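Novice: The sequence and its predicted three-dimensional model are supplied below.
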Amino acid sequence: MNESCTLNELVLYLHNETNIIQTVEVQNAIDNDEEIAEIFDDLKKITGFISEISIRPAGALRESILNYARLTAGTK
Amino acid sequence: MCKQQVTDNELVARFIKGEESALQSLIVRHERKIYTSIYLLVKDRELSDDIFQDTFIKVINTLRSGNYNEEGKFLSWVLRIAHNLVIDHFRSLKKMPLVHDTEEYSIFDTLPLMDDNIEDKIILEQIHKQIRVLIEELPYDQREVVIMRHFGNMSFKEIAEVTNVSINTSLGRMRYALINLRKLIKEKDLYLNVS
């Protein structure tokens, strides 16, 4: 595998989108190549943090949307 | 005994039948992911508020019109609506964010410098804030893929369809984004402080 292919497959593997053959290949690469293993470990942690980012909207926004729903109920 | 959570589909069905509290439950369940996605795309709180509201107005109108047929994919569907509104906004300004498909994009030059001596007591919240800042600095197309995949749980195939690119392109954008983030985190020594 060239570097680009490895990285693409790593990203797919990271997101559980590899097919069976790719899964075996990537797992094999991770097990036998320290550099790939390190990249994979880093990307796994980064994506973990990304998924935990959370920005809460103001409560008034929800109320405003619900008001819209109330006001327009029965108009369709 | 654990109470089983009502599914999105059930809540959608209840709302269509007139149960307003079902809409409230859907909003409460997904508002953080949806709002975070919008904010990371537009990087402006007031604009995020507007797009968030407009998104749900479209959601309400579409559900009531009987045109909703996204079984089991409510969140992805809402995020697609939000994404389209973001695109509409940038188009109205005639200023689509520039696309930079390169690992060498200059985010390293534009980011504010961080303290060299990041204390050992960095809490998770601070790490999230830093990652958020890094994501905000990614090129739009890379940010878009990261958001759709991680907040909308969309596959690369679905992202490719929504953004009108090939699967390889959407996958490549994610690769660039993650590699950029990794380089930056290492460069700023942020990673070493994660326990």
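Specialist: The structure has been received and is ready for your questions. Numbering: from 1, shown residues only, chains lettered A, B, ... in the order given.

Novice: what residues does chain A put near chain B?
Specialist: A:7-8, A:11-12, A:15, A:17, A:39, A:42-43, A:45-47, A:49-58, A:61-62, A:64-66, A:68-70, A:72-73, A:76 (Cβ under 8 Å from any Cβ of the partner chain). The C-beta positions use only the backbone N, C-alpha and C, and glycine is treated the same way.

Novice: Give me the subset of the residues you listed lying in strands.
Specialist: Among these, no residue falls in strands (DSSP state E).

Novice: Quick check: the most centrally placed residue in chain B vs A:I46, distance?
Specialist: Centroid-nearest residue in chain B, with Cα atoms, centre = their mean: B:S37, separated by 2.6 Å. Distance, B:S37 to A:I46, by Cβ to Cβ, to the nearest Å: 18 Å.

Novice: ok, B:V59 - contacts?
Specialist: With contact set as Cβ atoms under 8 Å, 6 or more residues apart in numbering or on different chains, B:V59 has these partners: B:78, B:81.

Novice: Let me see the ranges of the strands in chain B.
Specialist: Under DSSP E, chain B gives no strands.

Novice: looking at it, which helix or strand does the model trust least?
Specialist: Of all helical and strand segments in chain B, the minimum by mean pLDDT, DSSP states H and E falls on helix B:107-110, at a mean of 36.

Novice: right, and B:S37 touches B:G152 too?
Specialist: Yes: here B:S37 reaches B:G152: they are 6.8 Å apart, a contact under Cβ atoms under 8 Å.

Novice: shared neighbours of the two, anything?
Specialist: B:L79.

Novice: How about residues contacting the helix or strand bottoming out on mean pLDDT in chain A?
Specialist: The weakest-scoring helix or strand in chain A, judged by mean pLDDT, DSSP H and E, is helix A:3-14 (a mean of 80). With contact meaning Cβ under 8 Å, 6+ apart, helix A:3-14 is reached by A:1, A:18, A:22-23, A:25-27, A:29, A:36, A:39-40, A:43-44, A:47, B:156, B:168, B:171-172, B:174-175, B:178-179.

Novice: So among those residues, which ones count as buried?
Specialist: A:18, A:25-26, A:29, A:36, A:39-40, A:43, A:47, B:156, B:171-172, B:174-175, B:178-179 (16 or more other Cβ atoms under 10 Å in any protein chain shown).

Novice: I'd like the distance from the lengthiest helix in chain A to the chain centre, please.
Specialist: Longest helix in chain A by number of residues (criterion: DSSP state H): helix A:34-52. Its chain's C-alpha centre and that of helix A:34-52 lie 11 Å apart, by Cα atoms, centre = their mean, to the nearest Å.

Novice: what packs against that helix?
Specialist: helix A:3-14, helix A:20-32, helix B:124-136, helix B:140-150, helix B:167-187 (3 or more Cβ pairs under 8 Å, 6 or more residues apart in numbering or on different chains; DSSP states H and E).
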